[in-house]
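>>> model this:
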Amino acid sequence: MSSGNGTRRKVKMQQFNDVVASDPETQTEIQGLFSKVRTYVKPSNGEWRIPDPNTALRHTVEERCRLQALKVSLNDVKNQLSDMNVQVWHQHTNSTNRAGKVIAVVRSAVNAEICTQAWCKFYEILGTFNLLPDEALQSGELNTVHLCEAPGAFIAALNHYIKTSESTRYCDWSWAANTLNPYHEANGGSTTIADDRLIANTLPWWFFGSDNTGNIMIQKHLLELKAFVSNMRRVDLVTADGSFDCQENPDEQEALVASLHYCEVTAALLLLSPSGSFVLKMFTLYEHSSVCLLYLLNCCFHSVNVFKPATSKAGNSEVYVVCLNYDGKEAVRPLLSKLIRNYGPHLADREALFPNKLVPESFLKQHDEVCSYFHTLQVETITENLRLFEGMSTEQRQRLDHIRDCTAHEYLQRFQVSFLPRGRWVSRNTVSPACCSVSGGRPLGQRKQTGSFNERRELQTLTWRERIERGFHATWIQRHRTEAGGTGCVLEGPLSEYHVDSWYVIVGAALPALRNSPFCEGGLLNHLNEALMDTGKDWTRAPCCDSCHVVCTASILSSVAGVCDFKGDSDGNRKRRQCMVFGSRAVWGACESQIEDLVLIFSAEPSFPQRGCDTLHDGEPLYQQQLLGCVVFSLQTLNSGDALLLPLFSALTRVTAAVVLCLHVCFRSVTFRYPPPSGVVGTVLVCVGFRAEAAARILPVLTDVHNCMSQLLKEVEGKSESSGWDRQVLQFVPMEELLTGGLTEFLWTMNSEIIQQKLHLLMQS
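Down below sits the predicted model:
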């Protein structure tokens, strides 16, 4: 960092330190923001004991009337927001949030990595509770596991805390994390965090399970995670920050995430060592499933606290259950075994964990008080925000701004947040993550929710066409194409920075559909999948729109000839080049005589995905196997300087993205032409300047991958016709390489062109 930046930072800090909450009323309010915690107090008679495992998961759920009344009361208040425009409301609540300036101040003052709300919340938890066991601090070895952790803010916050705190800065810290894999194409966009800026740089520390999904609610994955962290001498801390997108059914958020919470608790009880700590994000605690879970945690830990960080927006239901000093697995082992046997996405849906009669009244009374306390806080905040939304006086705004400044100052002082140089961040590399590497200028990017809750609910009743027409992609999708796509998008090369020796094949559960991709915008892919599922026609060979520009073969071949190297031999004769074309001679051969210096070699193109798996796109295993076969054949056949024209359905998967990367390695330049002249939906990759020496290095790897795909295909052929694919190749080039350089931007541009035209054709039909 330059001295100029350092000086400006010091001046900023000094100006900020001058902000002091002077009047007693303001001081009291700010202290209250950091004191929203309730701690369960165990009776001295020891009646809070783990119930007999034989009684667990055997009884019907019996809801507690008082807690259900709190739920109804809270939902009545929240329902007043149903007609609020979500963006306008969020802007308003951001301006009234007392801790709303903390993130910006921490980001600028202390150089925090992934400085999000989650970072600030967890740093606040670390500063409020003795979360790191004394045994770990005394031994100088700290081991932590982080569940449902994307994008990694808890890890970044813990790293900042360890590296800047006097008691922990010399600690030898090891960590492992789990989350839904943002690169697994079958993971739904509404449940998967696409922000991969930490993951892309620290992939070896992330556990995604044997099927590569990262779904922690699969029993097999739980046991695999236990083995994944078995090199840790002990596990001192487990965090679980998981949730689902419940914004379309907010009244039932607690019930919807109950099974996830059960799985997270089961994992923590299995992984933690004696005296370890556990932090679990929950929401309202009204359902019987939450009552049982909190009771179980109180039976397993010396101290259980329900905490609402100041940096958690006061109007939402989010709380953190902070559990300290784990008793160890021995006492809970019989019940834990039963939880593991019943482990899965419906663990909390069937029967109650414990019957009501086995949960002591002394616990229920305390739990009622905890729920009432946080219910009051949330209702008061929503009510105040509704009142201020009607209008705020200048005096109210000034006082609120003063409190926001004072709260940010209090945060820095209370938790002694210090500057951390970038070189000491968790992620010190410069891999360009998929979410950040796409240039602007196109109607792309993750869009947050718009409109009111009732308006969004109405949208769900519309057809896919009507939803597109109301969306911000509408104009772009309906615009007729006037020129060929891809002419200005080129992978200049050849790519020299690749590490073929470190490539490895990942085989996992076969993809049922492509619900997300690191190589395209999620909203566009969602639109396309909705359209395909609702459209009965076979659109894969639909004719192009009459009003759209059609690419001709002559223009593609002449552009290839224009960039090929035709240097003469020793006798001065002009050297001819081969151009391998995977496609029909009837389409491409008509202008062969016009391109004298190019010798066209024709071969059969890969067959497009079979009807019935439309939403698999280029993820169909048979298509991928044939596509890779075409590439292998090309690399075996072409000579240095030759060209290749390869049709491509799309490049949404890691496998097809890797195919494009391999072509980038083996050719001087790679571009695409869209739509292709054949009329088939897809694109044509135009690869010029073949490099035989690069191909020789990469060919053995691609041959092995192709053989692996072929072997999996034989396994399918040996089964009954209805059984289909069980497993497929999901990846063979590490994500670190797929996210490096200009490849990601190239793929985003190409895929957006393809999806736009597919949707355009479907809208015309």
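>>> buried ones in stretch 345-352?
Leu347, Ala348, Ala352 (16 or more other CB atoms under 10 Å). Glycine gets a C-beta too; all of them are placed from N, C-alpha and C.
>>> give me the number of residues near the closest residue to Leu759 other than its chain neighbours?
Of all residues not flanking Leu759 in the chain, Ile477 sits nearest, at 4.8 Å (CB to CB, 6 or more residues apart in numbering). Neighbour count for Ile477, taken as other CB atoms under 10 Å: 21.
>>> give the contact list for Ile477.
Ile477 sits next to Ile468, His527, Gln756, Leu759, His760, Met763 when contact means CB atoms under 8 Å, 6 or more residues apart in numbering.
>>> against which helices or strands is the helix or strand harbouring the fourth one packed?
If I follow you right, that is Leu759. Using DSSP states H and E, Leu759 falls within helix 743-764. If you count contacts as 3 or more CB pairs under 8 Å, 6 or more residues apart in numbering; DSSP states H and E, helix 743-764 packs onto helix 464-470, helix 474-478, helix 522-534, helix 654-666, strand 667-673, strand 683-690.
>>> closest one to Val729 among these?
helix 654-666 (6.1 Å; CB to CB).
>>> so how far is that closest one from its chain's centroid?
Counting by CA atoms, centre = their mean, to the nearest Å, helix 654-666 is centred 23 Å from the centre of its parent chain.
>>> please point out which parts of that helix sit buried.
654-666.
>>> also stretch 90-108?
For stretch 90-108, the neighbour count (16+ other CB under 10 Å) marks 92-93, 96-103, 105-107 as buried.
>>> which among those gets closest to Thr26?
Distances from Thr26 to those, taken by CB to CB, are shortest for Arg98, at 10.4 Å.
>>> the closest one against Arg404, yeah?
Yes: using CB atoms under 8 Å, Arg98 is in contact with Arg404, at 6.0 Å.
>>> how many residues are close by the closest residue to His346 other than its chain neighbours?
If the residues on either side of it in the chain are set aside, His346 comes closest to Ser259, at 5.9 Å by CB to CB, 6+ apart. When neighbours are counted by other CB under 10 Å, Ser259 registers 19.
>>> how about low-confidence regions in the stretch 201-350 of the chain?
Within the stretch 201-350 of the chain, the stretches with pLDDT under 70 are 245-249.
>>> which residues in it form helices?
Assigned by DSSP state H, counting those that start in this stretch, the stretch 201-350 of the chain shows helices spanning 219-228, 253-256, 258-271, 288-300, 329-341.
>>> those helices: which one's closest to Met84?
Judging the helices of the stretch 201-350 of the chain by CB to CB, what sits closest to Met84 is helix 253-256, at 17.6 Å.
>>> and the residue nearest the centre of this structure?
With distances taken as CA atoms, centre = their mean, Ile193 lies nearest the centre of the chain, 2.3 Å away.
>>> and that residue, backbone torsions?
When read as degrees, to the nearest 10, the backbone of Ile193 gives phi -80, psi 120.
>>> from the contact counts, what lies against the helix or strand containing Val701?
For Val701, the element it lies in under DSSP H and E is helix 692-717. Under the contact definition 3+ CB pairs under 8 Å, 6+ apart, helix 692-717 sits against helix 621-637, helix 654-666, strand 727-731.
>>> sorry, back to before: just the angle between the helix holding Leu759 and helix 654-666, please?
Interaxial angle, helix 743-764 versus helix 654-666 (axes from the mean of the first three to the mean of the last three CA atoms, to 10 degrees): 130 degrees.
>>> low-scoring stretches of the stretch 401-550 of the chain, by residue?
Ranges of the stretch 401-550 of the chain meeting pLDDT under 70: 428-460, 535-544.
>>> which ones are touching the residue nearest to His346?
Going by CB under 8 Å, 6+ apart, the list of residues near Ser259 reads Met217, Gly344, Pro345, His346, Leu347, Ala348, Asp349.
>>> most widely separated two among those residues?
Distance extremes for the contacts of Ser259: the farthest pair is Met217 and Asp349 at 11.7 Å, using CB to CB.
>>> just the closest of the buried residues of stretch 345-352 to Cys687, please.
Nearest to Cys687, judged by CB to CB, of the buried residues of stretch 345-352 is Leu347 at 50.5 Å.
>>> quick check on that closest one: phi, psi?
phi -60, psi -40.
>>> isn't it right next to Cys263, touching?
Yes: counting by CB under 8 Å, Leu347 touches Cys263, with 6.2 Å between them.
>>> quick check: neighbours shared by these two?
Common neighbours of Leu347 and Cys263 (CB under 8 Å, 6+ apart) are Met217.
>>> distance of His527 relative to Glu469?
The gap separating His527 from Glu469 is 11 Å, by CB to CB, to the nearest Å.
>>> one more: Ala176?
For Ala176, the distance to Glu469 - CB to CB - is 46 Å.
>>> the two - which one has more neighbours?
Ala176 (22 against 15).
>>> and the gap between the more buried one and Ala240?
Distance from Ala176 to Ala240, by CB to CB: 13 Å.
>>> and whichever strand or helix holds Gln578, how far out from the chain middle?
Secondary structure from DSSP H and E places Gln578 in strand 577-582. What separates the centre of strand 577-582 from the centre of its chain is 40 Å, taken as CA atoms, centre = their mean.
>>> what angle separates it from strand 683-690?
Using the same axes, to 10 degrees: strand 577-582 against strand 683-690 is 150 degrees.
>>> packing partners for strand 577-582?
With contacts taken as 3+ CB pairs under 8 Å, 6+ apart, strand 577-582 sits against strand 598-603, helix 621-637, strand 643-648.
>>> so what touches the last one?
Strand 643-648 has contacts (CB under 8 Å, 6+ apart) with 556, 560, 564, 577-583, 588, 598, 605-606, 618, 627, 630-631, 634, 638, 656, 660, 663, 667, 672, 676, 678, 680, 682-690.
>>> and Ile30, which of the three is it?
helix (DSSP: H, G, I helix; E, B strand; the rest coil).
>>> you'd agree it is up against Ala408?
No: Ile30 lies out of contact with Ala408 (CB under 8 Å); the separation is 10.2 Å.
>>> compute the inter-axis angle for the helix holding Val701 and strand 667-673.
Using the same axes, to 10 degrees: helix 692-717 against strand 667-673 is 50 degrees.
>>> is Phe645 in a bridge, and if so with what?
Phe isn't right for residue 645; it's Leu. Under DSSP bridges, the beta-bridge partners of Leu645 are Val581, Val686.
>>> just to revisit the earlier point, who wins for proximity to Asn516 among the helices and strands packed on strand 577-582?
helix 621-637 (17.7 Å).
>>> elements contacting that closest one?
When contacts are defined as 3+ CB pairs under 8 Å, 6+ apart, helix 621-637 sits against strand 577-582, strand 598-603, strand 643-648, helix 654-666, helix 692-717, strand 727-731.
>>> let's see 6 Å
Judged by 3 or more CB pairs under 6 Å, 6 or more residues apart in numbering; DSSP states H and E, the packing partners of helix 621-637 are helix 692-717.
>>> tell me the one of the buried residues of stretch 90-108 nearest Arg414?
Val102 (11.0 Å).
>>> is it true that the closest one touches Ala408?
Yes: the criterion here is CB atoms under 6 Å, and Val102 meets it with Ala408 at 4.9 Å.
>>> the strand holding Gln578 vs strand 643-648, what angle?
Strand 577-582 and strand 643-648 meet at an angle of 10 degrees, taking the same axes, to 10 degrees as the criterion.
>>> in the following helix or strand past strand 577-582, what's buried?
Next helix or strand after strand 577-582 toward the C-terminus (DSSP H and E): helix 585-588. Using 16+ other CB under 10 Å as the test for burial, helix 585-588 gives Trp588.
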